Every structure is written in C-alpha cells, then in structure tokens.
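Participant: This is a predicted model, with the sequence first.
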Amino acid sequence: MAERKKNRDVKFIIYQVLYIFVICVIALKGANLDLTEVINKDKVVEKSYADSLKAYLDSLIALGLVPKIEFDTTNVSKIDPTLIAQLQQRIQVMQTQVQVSSVNTNTSTITQQNPLVEQQKLPDVQKKDPGEMQEIRIGNIILTQYTQNTLNNPYDTPLEIVGITTIPPKSTKSFETGGQSSVTIKVGSSTKTVELKGNEKPKISISKVTNMGEGVSVRTLQSVTGFRVTINDDFPGQLDVKFNGPIEVKNAGQNTYDITMKAFGSQSAFDNFSSGKDSPYSVGFTVTVKDKIKGETVTGQQSFTFGDW
C-alpha cells in the first residue's frame, strides 16, 4: 500500500513539473494567462499525441527514470530574466524531489524483499546434540581380543563401549577385551559394531648355536652359549616366560634369550650322572610362555648332548 502511494507521489511531482513547463512555454510565447484563445483550435496539439506523450512518461516513471526538462534561453525578449532563473530553480528542486522519491521507493522495495530472499537462501539449521550423529566416525578402529586396547573419543559426549567401559568426552582410555568377537560402540543414540581381531598364539623358536654330540665335553658346553630362544607374539608385553632345567639364561634382546648349560659343578657330579649310561649323554630344558590375559600357554623343549667331562 505504501509503495502505491509513493508511486502516485512521483507521478504528481512529474506532472507538476510538466505543468510549470507548459506555463513557461506559454509565457515565453507572449500569451496571456487567461481564458482567451491563444492559438487557433485547428492548430492545437491533437489529443492522441497528448495521450501518447502521457503514456510515454508513465512508462519512463515505471522504469524509475526521471525526464529532464530544459529551456532554450537564447531567444528571450519579452520575459524578465529573473523570472526565468526562478522557474529554472523551481524545476531543479522538483526534479531532485522526484529522484529522491524514486530512490526511496526502490530502496523500500528492496528492503521489503531482501528478508524474503534471505529466508529462502538460509536453510533452517538446527544445532544438533553431538551425540545425535547419523554415523560414528572415529577413523579405522582396530580392536584385538585378549589384550589392552586404546581408543580416543573425539566427541563432546561420552563414548560407551557397551559392557566394557565409558570414555569421557575428548579423552583417550585403555581397556581390556576378552574373547568377544565384536563390541558395540555407542555415542548418544548412535551405535556402531566393531569386529575384534584375534589374538595370535605365541611362538617359541629354539636355535642351536654351538656344536654338540658325543665328541663335545661338558666343560666346553658349560662355557659357551648352546641355544638361543626367541619368542614371537603380537603383544609380548603380556607374556610370562619361564625356563626350567640346569641352565643359565641371559637376556639377548627383546624376547630373545641365550641359554648355557650349567648341569655339573664338578667331574664327580658328572661321573655320578653318567654311571650306568651310554654316551652320548643329554640334559634338557623347557621354555614355558603364558599369555597373562588370554590364559593360553605354549612350551618348547631342547637338549644339550655331550660325550665326556
């Protein structure tokens, strides 16, 4: 409604300017401003031309254009120059008013339309609870049976490993798994099932590193490393390793052990051992490896062989 009123105001100002223009033209031509005939009615501008001019002006106004009116002041002989200056000043003021009114109308229209455009462009974004995600994404989660696993919770809400533990927001926590084939991770109302990797069985490797047999003496074997034991496992930190037998065990590196025979403290002890037996003689030892979490145990055995003291 306000926009229509402003359009009518613009038209009124335009027509007022045109009215003054007509008056000025009549005055410049020397006509009297009364009801007497100033021109032959046969030579007057036809109504169709006037209507065409009005339609043309209306179309310019609708486009936001302002007609420019100028006077030819070079042929002035019968009118006061002061009056011309006043008329020009008045027309200039009216043209300025028309321009301001037109700008205000366009600005008002844009101001009224912009909120609608903004509403159409901006979707209704609702802030979701960090726990209400469509899918739990924590990268590639690898969990293993029968061991200590570590998992980071990047969310702003607690992460639950159902039946095992809960990790606080923005925290990392270690937890122990058993023999379950999978676990369920829950964040808010979203859940994700993660398959657990199997815990491999420990492997014991025993290598002979010196000569043995009937031609080798006890004194030689008891002075050098006879075997090297290596234990392989994906989680060696949870293994319990034990040796049994007349041996000396030295740590030769991570999960690696050097074994030396220490069976006899004297020749008499050897004589007592070998009495009634045929050479070559042998003394054995056993390695026992137990997974402290899984409870699984593996063993390995080997023997030293010799022929005399």
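Facilitator: Right, received. Where do you want to start?

Participant: Only C-alpha atoms from now on, for both contacts and neighbour counts.
Facilitator: Noted.

Participant: can I assume residue 300 is in contact with residue 202?
Facilitator: No. Look at residue 300 against residue 202 with C-alpha atoms under 8 Å: they stay out of range, at 11.1 Å.

Participant: So between the two, which is more surrounded?
Facilitator: residue 202 (19 against 15; other C-alpha atoms under 10 Å).

Participant: how about the strands of the stretch 101-250 of the chain, start to end?
Facilitator: Under the criterion DSSP state E, counting those that start in this stretch, the stretch 101-250 of the chain contains strands at 143-144, 148-153, 159-161, 165-167, 171-176, 182-187, 190-197, 203-208, 227-232, 239-244, 247-253.

Participant: mind showing which ranges of this protein have poor pLDDT?
Facilitator: For the chain, the stretches with pLDDT under 70 are 1-10, 24-53, 56, 60, 64-81, 83-84, 87, 91, 93-135.

Participant: got the domain boundaries for this protein?
Facilitator: Residue ranges for the domains of the chain, per automatic domain parsing: 2-121, 143-197, 203-306.

Participant: ok, residue 167 - how many residues close by?
Facilitator: Residue 167: 19 neighbours (other C-alpha under 10 Å).

Participant: where exactly do the helices run in the stretch 201-309 of the chain?
Facilitator: Ranges of helices within the stretch 201-309 of the chain are 218-221, 267-274, based on DSSP state H, counting those that start in this stretch.

Participant: Just put those helices in TSV and tack on distance to residue 281 and mean neighbour count.
Facilitator: Shown next, in TSV, are the helices of the stretch 201-309 of the chain (distance: least, C-alpha to C-alpha, whole Å; neighbours: other C-alpha atoms under 10 Å):
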stretch	distance to residue 281	mean neighbour count
helix 218-221	10	19
helix 267-274	7	13
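
Participant: For residue 151, find the nearest of those helices.
Facilitator: Among the helices of the stretch 201-309 of the chain, the nearest to residue 151 by C-alpha to C-alpha is helix 218-221 (49.8 Å).

Participant: can you redo the strands of the stretch 101-250 of the chain as a markdown table with distance to residue 54?
Facilitator: Formatted as a markdown table, the strands of the stretch 101-250 of the chain follow (distance: least, C-alpha to C-alpha, whole Å):
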| stretch | distance to residue 54 |
| --- | --- |
| strand 143-144 | 85 |
| strand 148-153 | 76 |
| strand 159-161 | 76 |
| strand 165-167 | 80 |
| strand 171-176 | 78 |
| strand 182-187 | 73 |
| strand 190-197 | 71 |
| strand 203-208 | 104 |
| strand 227-232 | 102 |
| strand 239-244 | 103 |
| strand 247-253 | 106 |
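
Participant: mind checking which of the ones you listed is nearest residue 264?
Facilitator: In terms of C-alpha to C-alpha, the element of the strands of the stretch 101-250 of the chain nearest to residue 264 is strand 247-253, at 10.1 Å.

Participant: Name every strand pairing with the closest one and say which way it goes.
Facilitator: strand 256-261 (antiparallel) (DSSP bridges).

Participant: For the partner strand, give me every contacting residue.
Facilitator: 221-231, 246-252, 304 (C-alpha atoms under 8 Å, 6 or more residues apart in numbering).

Participant: where's the closest residue to residue 308 other than its chain neighbours relative to residue 280, distance?
Facilitator: Excluding the flanking residues, the one nearest residue 308 by C-alpha to C-alpha, 6 or more residues apart in numbering is residue 217, at 5.0 Å. Taking C-alpha to C-alpha, to the nearest Å as the measure, residue 217 and residue 280 are separated by 10 Å.
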